[in-house]
Structure formats: structure tokens, C-alpha cells
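Q: give the three-dimensional model of this entry:
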Amino acid sequence: MERIQQKIYLSRKSQNSIEFESDVLKIPLKLGDETSFEMVIINRGEPTHVHFSLGNEMADKVMILQDKVYVIDKEKIAAIVRLPKSYAGTIEDMDPGAIFVSTGYGATKKSFSLAIVEQEKQKKVQIEEKVEEGDEIEESEAKKETKEARTIVVAPEKMVLLRRLAVSTVAIALFLCSFAIIVISFHPFVFALIAAALFMFIVVYNL
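A: Next comes the predicted model:
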């Protein structure tokens, strides 16, 4: 299972500035269970003290294992989230709480939201998202196959054969027309001459 993580950047924009990778960190949980997450502090400036505190909504649900830390380059802080069965209410009705981060001896203070979501529903949403992604991939592949099926490539050998067949057909048609004309005009010698010429043309062309 992938570990839930929040990255916190210090002094990336300016001295003692604080930035969060996620404005809202979602924690899947069921009543009576507990889980953990970690906060990764990445400092781009001078070494500094960092202090963590909880808003009223999360004071009884979250425990930060180390609420004060001195950060030179990078530090990781673990936190535990508990939701007792005696909690009066449902997870759906629970409001997000705040985790405050201050640095520079309180010169800068900022917070991100922590939202506890129902674990089963979170899994269902993730499964639905994966299914939708799979359907999109299958649809894309189907369209690609249909497009390839519609594209008919004729080999050069087949093109030559089709061309010869077309010429032979035209020659036969001319032969029949000549035959009809000559039969009507009663000139068998001329008919034989034209027929021989057309026959030679067809033979020579198809060699």
C-alpha cells in the first residue's frame, strides 16, 4: 500500500516561505481504525526550526510524533490519525481540519487541510477511475484498429494485374463492337483483320 505523504517546501520562493504539495491531504479511514502519514520537509534556504500545531477539528484525531524539528536540508515527520468508534457522527459529515506549519520563529505560518474520508468509498472511487481509464484505452485501441482496417494497401503486383485486366476488357469490348458492325455490313475479311489485331494486342500487352 502506498504511503500517504505531504511534501512541505521551505524557502523555495523566498526566505521562510512555506508551500504544500497538496492543499488538501485525504486520509482514508474507517470508524475504530487508525492509520499514519508522513510530512516530508524540504528546505531550500538556511537551516531553520519548524513547528507543527493542529486546528480544533483535528486536535483529538491526529497526533504528530514530533511537533518541533530543526531542518537543515530534509526531514520526515510521522503522524497518526485515529477515529474512535465513539465518534458521534459520520465520516461524511466530518469537516476537514487544519495542520499549521510555522517557521522562522513564527515569522511565517501557513496551514493545509486534512480530510478524513471513508475508506471503502475511497477505494470505490479509485476503482471507478481505473475502470474509466481502461475503457478509454480500449476505445482508443478499437478506433485505431478500425482505422487500420479501413486503410487498404494494394500491392504493386496487384495493380499491374488489375491494369492488364482492364485493358483486356476494353479490347474485348472493342472486338464485340467491331464484330457487330462487320456482321451488319457483311465484310468478313475486315472483321478477321480487326479481330487478329485485337488478339495480338491483348497477347503482347499481357506478356
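Q: list phi and psi for the residue nearest to residue 16 when sequence neighbours are not counted.
A: Ranked by Cβ to Cβ, 6 or more residues apart in numbering and with sequence neighbours excluded, the top spatial neighbour of residue 16 is residue 104, at 3.8 Å. Bear in mind the C-beta positions are built from the backbone N, C-alpha and C, glycine included. According to degrees, to the nearest 10, the main-chain angles of residue 104 amount to phi 60, psi 40.
Q: enumerate every residue touching residue 104.
A: Residue 104 sits next to 15-16, 48 when contact means Cβ atoms under 8 Å, 6 or more residues apart in numbering.
Q: quick one: the nearest residue to residue 48 once chain neighbours are set aside from residue 71, how far?
A: Nearest residue to residue 48, sequence neighbours excluded (Cβ to Cβ, 6+ apart): residue 103, at 5.2 Å. Separation of residue 103 from residue 71 (Cβ to Cβ, to the nearest Å): 8 Å.
Q: hmm, back to that, which of the contacts of residue 104 sits closest to residue 9?
A: residue 16 (11.6 Å; Cβ to Cβ).
Q: wait, is residue 163 part of a helix?
A: Yes: applying DSSP: H, G, I helix; E, B strand; the rest coil, one finds residue 163 inside a helix.
Q: check what pLDDT it gets.
A: The model reports residue 163 with a pLDDT of 75.
Q: name the helices or strands packed onto the helix or strand where residue 99 lies?
A: For residue 99, the host element (DSSP states H and E) is strand 97-103. Under the contact criterion of 3 or more Cβ pairs under 8 Å, 6 or more residues apart in numbering; DSSP states H and E, strand 97-103 touches strand 48-54, strand 62-64, strand 108-118.
Q: buried ones in the first one?
A: This means strand 48-54. 48, 50, 52, 54 (16 or more other Cβ atoms under 10 Å).
Q: Throw those residues into a markdown table and include pLDDT and distance to residue 161, thanks.
A: Below are the buried residues of strand 48-54 laid out as a markdown table (pLDDT from 0 to 100; distance: Cβ to Cβ, whole Å):
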| residue | pLDDT | distance to residue 161 |
| --- | --- | --- |
| 48 | 95 | 82 |
| 50 | 96 | 80 |
| 52 | 97 | 81 |
| 54 | 95 | 82 |
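Q: would you turn those into a markdown table with distance to residue 110?
A: Shown next, in a markdown table, are the buried residues of strand 48-54 (distance: Cβ to Cβ, whole Å):
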| residue | distance to residue 110 |
| --- | --- |
| 48 | 14 |
| 50 | 11 |
| 52 | 11 |
| 54 | 14 |
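Q: pick the one among those residues closest to residue 197.
A: Top of the list for closeness to residue 197, among these and by Cβ to Cβ, is residue 50 at 101.4 Å.
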